[in-house]
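Novice: What would the 3D arrangement of this be:
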Amino acid sequence: MLTYPAIDPVAVAIGPLKVHWYGLMYVIGIAATWILARRRVRRSAKPLFTPAQVEDLVFYAAIGVVVGGRVGYALFYNFSGFLRDPLMLFRVWEGGMAFHGGLIGVLIAMYVYGRSQGIRFFDVADFLAPYVPIGLLAGRIGNFINGELWGKPSDVPWAMIFPNGGDVPRHPSQLYEAFLEGLVLLVILQWFSLRSPPRMAVSGMFLLGYGAFRFAVEFVRLPDVQLGYLAFGWLTMGQILCLPMILFGIVLLAAAYARRSA
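Specialist: Here you go, the predicted model:
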C-alpha cells in the first residue's frame, strides 16, 4: 500500500481569497492548450487558423467546458438535487463537474465559433481534439489532490487510503484516468494527427479512445453515491455516457477513411 500524499487542496490563500488546486488545474489545461495550439499554427506551412483565431477558439472552448461541465453534472449526476434546488447550478464552489457535459459544451462552442468564421465543424474539432487530453490530465490530478472520485477497495501494491474514503486501501482511479485519458490519449492523438488523417478521423479517434479508457476505468472507480450502479451491479452512468462516444467514434473513423478511398 502507498501513502496518500496529503496535499492541501488550497494552492494559494490571500486573506479570504482561496485558489484551489482543482480550479488551478483548469487554468493550467487551458493555458497549455493555448500555447501548444498557437505553436502549431505558427510552425505550419499552411495553417487553417491564425494565432488570433486560436486564442478565440480556446476562449470559446473554455466557456463550453465550464458551463457544459456544470450543467452536465446537474443533469447527468445530480438531477434530483437540481430539481429540488435549481440554484445549486450556480454554486460552483460546492464542486460538481461532468466531463460529458463539458464535451457537449465544447462541441456547441466549436460549432458556434466555426460558423462565425466560415470554418467547417470537423476542421475545428480535428484541430482542437489532440489538445483535450491535456485538460483531462490536469483535471484528474486535481481530483487526486482533492481526494475525490477514488476507486473500489483493493489490495494492489499501489492502493491508497483516501482521507474521506474510510480506512481501507482503494484504487487511485484518478491516476488511472490521468494516465489513460490524459497522457496515453495525448500521445495517441498527437501521433495520429501527424499522419495526415482524413477529416473527421482525429475527432473519431478522440471519441473512441476516451470512451474506451473511461469505460474501462469505471470498473474500478466507485460511482457517485447519489446514483450508485444503474444495472447489473456494475454499470455506471459514466459507462452509459461513454457508449455513444465509442460508437460514434467508430462511425466517424469508418466514414472518414471510406470517403478518402472513394
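
Novice: From here on, just use CA atoms for contacts and neighbour counts.
Specialist: Fine.

Novice: Which of the three states applies to A13?
Specialist: The three-state assignment at A13 reads strand, by DSSP: H, G, I helix; E, B strand; the rest coil.

Novice: my read: it touches W21, true?
Specialist: No. A13 sits out of contact with W21 when judged by C-alpha atoms under 8 Å, with a separation of 11.1 Å.

Novice: neighbour-wise, which of the two wins?
Specialist: For A13 versus W21, the count of surrounding residues by other C-alpha atoms under 10 Å is larger for W21: 22 against 10.

Novice: Count the residues that sit near L183.
Specialist: Counted with other C-alpha under 10 Å, L183 comes out at 16.

Novice: Can you check the pLDDT for it?
Specialist: L183 is assigned 97 on the pLDDT scale.

Novice: Quick one: residues contacting N78.
Specialist: Taking C-alpha atoms under 8 Å, 6 or more residues apart in numbering as the criterion, N78 is in contact with Q226, L227.

Novice: Distance of it relative to G29?
Specialist: 26 Å (C-alpha to C-alpha, to the nearest Å).

Novice: where's the nearest residue to G101 once chain neighbours are set aside, which helix or strand?
Specialist: Closest residue to G101 in three dimensions, ignoring its sequence neighbours and counting by C-alpha to C-alpha, 6 or more residues apart in numbering: G72, at 3.8 Å. Using DSSP states H and E, the element containing G72 is helix 51-72.

Novice: packing partners for that helix?
Specialist: In terms of contact count using 3 or more C-alpha pairs under 8 Å, 6 or more residues apart in numbering; DSSP states H and E, helix 51-72 is assigned the packing partners helix 21-43, helix 99-117.

Novice: For it, report the contacting residues that lie outside it.
Specialist: 30, 33-34, 37-38, 41-42, 89, 92, 96-110, 113.

Novice: Give me the average confidence score over the top helix by length along the chain.
Specialist: Scanning the chain for the longest helix, with DSSP state H as the assignment, gives helix 237-261. Along helix 237-261, the predicted confidence averages to a pLDDT of 95.

Novice: helices and strands around it, which ones?
Specialist: Counting contacts by 3+ C-alpha pairs under 8 Å, 6+ apart, the secondary-structure elements packed against helix 237-261 are helix 201-217.

Novice: Check which residues of the helix it packs on are buried.
Specialist: Going by neighbour count (16 or more other C-alpha atoms under 10 Å), the buried part of helix 201-217 is 201-215, 217.

Novice: Looking at the residues you listed, which is nearest F192?
Specialist: Distances from the buried residues of helix 201-217 to F192 were compared by C-alpha to C-alpha; the smallest belongs to V202, at 7.1 Å.

Novice: Please verify my assumption that the closest one contacts R195.
Specialist: No. In terms of C-alpha under 8 Å, V202 does not count as a neighbour of R195; the distance is 10.2 Å.

Novice: Relative to M88, how far out is the closest residue to M237 other than its chain neighbours?
Specialist: With sequence-adjacent residues excluded and distances taken as C-alpha to C-alpha, 6+ apart, M237 is closest to L230, at 6.9 Å. Applying C-alpha to C-alpha, one obtains 24 Å for the distance of L230 from M88.

Novice: Look at these two and report which has more neighbours.
Specialist: Neighbours around L230 and M88, counted as other C-alpha under 10 Å, are more numerous at M88. The numbers are 17 against 13.

Novice: So which of the helices and strands packed on helix 51-72 is nearest R259?
Specialist: Between R259 and these, the shortest separation by C-alpha to C-alpha is 22.0 Å, and it involves helix 99-117.

Novice: list the buried ones in the helix holding G72?
Specialist: Along helix 51-72, these residues count as buried under the neighbour rule (16+ other C-alpha under 10 Å): 51, 54-55, 57-62, 64-72.
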